[in-house]
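In: Have a look at this fold, sequence not included:
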């Protein structure tokens, strides 16, 4: 039921309409979704980002060490040189592996360190300002696009895959999904009108996990379909 109160000009104003204007409801939103995400939900998302980020950081260190070995010995053979289709050395010797003039793994260390710091802080209950989280989102989106570009280069151009690089692709995807999930749920990434309500409801219910999982399955299917038995030798 709408209640009324006197406006500044003596006209009656419906209080419910005023409240809707103040909180930004559009008639399709859930008021609970406009509040900060529950602590348990935030911690679960942060833990997922921490685990994925740690795997990505470890992988970046491994790739960095291999890059140093390759610089010292261009003919070095690595333990992940399994076949013509699975060969870290083949990928590491291409120009794509050092796009900016140094091993791409150094960028991985930077990106993963940033997101790990944010994830640990979120787990501890820290809330960063919107501009900071949007900056992190932009930075890691660049990281994800770069990782996917490297995957397409390995898949379509180099015709060889690096297991460590593949792991980076998947961990970067998972971290980006977690960061996006948090920013959508918290309203940092705000979509207009009912789309914002739908997006918050979508991630709050965990449906975005299905999208992330489907994307990873597609990548795996591409690898198996193209290389098949060649993956083992």
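Out: Happy to help now that I have it. Keep in mind that what you see is a predicted model, and the values were worked out from it rather than measured.
In: Look at the residue nearest to residue 196 when sequence neighbours are not counted and give its secondary structure.
Out: Excluding its sequence neighbours, the residue lying closest to residue 196 (C-beta to C-beta, 6 or more residues apart in numbering) is residue 190, at 5.4 Å. All C-beta atoms are positioned from the backbone trio N, CA, C, and that covers glycine. Under DSSP: H, G, I helix; E, B strand; the rest coil, the three-state class of residue 190 is coil.
In: Residue 190 and residue 149: what is the separation?
Out: Per C-beta to C-beta, to the nearest Å, residue 190 is found 28 Å from residue 149.
In: for residue 161, phi and psi?
Out: phi -120, psi 140 (degrees, to the nearest 10).
In: Geometric centre of the chain: which residue is closest?
Out: Most central in the chain under C-alpha atoms, centre = their mean is residue 176, positioned 0.4 Å from the mean C-alpha point.
In: so who does it touch?
Out: 140, 141, 143, 144 (C-beta atoms under 8 Å, 6 or more residues apart in numbering).
In: in what helix or strand does it lie?
Out: helix 163-185 (DSSP states H and E).
In: Off-centre distance for that helix?
Out: Using C-alpha atoms, centre = their mean, to the nearest Å, the mean C-alpha position of helix 163-185 is found 3 Å from that of the whole chain.
In: Show me where this structure has its strands.
Out: Here the chain has its strands, by DSSP state E, at 4-6, 12-14.
In: if we can go back for a sec, make sure the residue nearest to residue 196 is actually in contact with residue 197.
Out: No - no contact is recorded between residue 190 and residue 197 when judged using C-beta atoms under 8 Å, the distance being 10.5 Å.
In: who's more crowded, those two?
Out: Per other C-beta atoms under 10 Å, whichever of residue 190 and residue 197 has more neighbours is residue 197, with 19 against 14.
In: Show me which helix or strand of the protein is least confident by mean pLDDT.
Out: helix 15-23 (a mean of 39; mean pLDDT, DSSP states H and E).
In: which residues touch residue 216?
Out: Here residue 216 is in contact with 170, 173 (C-beta under 8 Å, 6+ apart).
In: Now do residue 128 against residue 147, distance only.
Out: Residue 128 is 24 Å from residue 147, where distance means C-beta to C-beta.
In: For these two, indicate the residue with more neighbours.
Out: Between residue 128 and residue 147, counted using other C-beta under 10 Å, the more crowded position is residue 147 (23 against 15).
In: Chain neighbours aside, what residue packs nearest to that one?
Out: With C-beta to C-beta, 6+ apart, the residue lying closest to residue 147 is residue 172, at 4.4 Å.
In: just for the chain, where's the confidence low?
Out: 1-34, 229-233 (pLDDT under 70).
In: Kindly recompute the last result at 80.
Out: Counting by pLDDT under 80, the chain contains low-confidence ranges at 1-37, 84, 190-196, 227-233.
In: residue boundaries of the helices in it?
Out: 15-23, 31-34, 39-72, 88-92, 104-123, 130-152, 163-185, 194-204, 208-227 (DSSP state H).
In: which one of those lies closest to residue 79?
Out: Nearest to residue 79, of all these, is helix 88-92, at 8.3 Å by C-beta to C-beta.
In: Distance of residue 186 relative to residue 204?
Out: 11 Å.
In: scratch that, residue 55 is what I was asking about
Out: Distance from residue 55 to residue 204, by C-beta to C-beta: 26 Å.
In: follow-up on the earlier one: tell me what angle the helix holding residue 176 forms with helix 130-152.
Out: 150 degrees (axes from the mean of the first three to the mean of the last three C-alpha atoms, to 10 degrees).
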